[in-house]
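Asks: Just the structure for this:
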Amino acid sequence: MRRLRKRRWPWLVLLVCAALLPWASWPLRHARLVWSALEYRREPATMTVPVEGVGPKQLASTWHAPRSGGRRHEGADVFAKKGTPVVSAVDGHVWRVGEDRLGGNVVWVLGEGHTLYYYAHLDQFADGLAVGQRVRRGTTLGLVGNTGNARTTPSHLHFGMYRIGWRGIRAVDPVPRLQRLATR
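Replies: Down below sits the predicted model:
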């Protein structure tokens, strides 16, 4: 009986290792994204208004304005003509490119200040934009549109900022920061 138990041990270890392998390889496959979390710990010295041709004085805060379903607005709506380029506000790495119910076509950038920058309602994405890609302030991410829950509104960019900290992720009003740090 004792001999039989010893033989089961290697199989059990092998089975557990095989089950954990997909999760163990995640940091290796996403090393650039993991590194960017450390790389972008400093606050941005400057930012760019994320819609080409819009200046910081043209921005108006609608922070926490009521929205459908009892939600509060957590971002800035930057209205512009459909097809106007949307650019990265800071240096960072593309965290996600895709679609969601509220934002429609969205891009998330992990960037300066341990912050996730959210660009929503895009008409289309920039050619070749991919997860893990390094972007500099001013890099085109897509074009202004009205996808997601903005289908019935004028075309605009919903721009959100989500600080990553020890207590989790929290939304912050982007307008005061853009007005203070924007270079144009």
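
Asks: wait, what's in contact with residue 141?
Replies: With contacts defined as C-beta atoms under 8 Å, 6 or more residues apart in numbering, the neighbours of residue 141 are 86, 87, 88, 94, 107, 109, 119, 122, 125, 126, 129, 135. To be clear about C-beta, it is placed using only N, CA and C from the backbone, and glycine gets the same treatment.

Asks: Restricted to strands, list those.
Replies: Counting by DSSP state E, the contacts of residue 141 place 86, 87, 94, 107, 109, 119, 122, 125, 135 in strands.

Asks: how is the chain carved up into domains?
Replies: Recorded structural domains for the chain (assignment: automatic domain parsing) are 2-35, 40-181.

Asks: tell me, which of these is the model least confident about?
Replies: Note on the domains of the chain: lowest mean pLDDT is at domain 2-35, with a mean of 55.

Asks: Need the contacts of residue 141 in TSV (columns: distance to residue 151).
Replies: TSV is the format used below for the contacts of residue 141 (distance: C-beta to C-beta, whole Å):
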residue	distance to residue 151
86	18
87	24
88	25
94	25
107	19
109	24
119	17
122	13
125	18
126	22
129	22
135	27
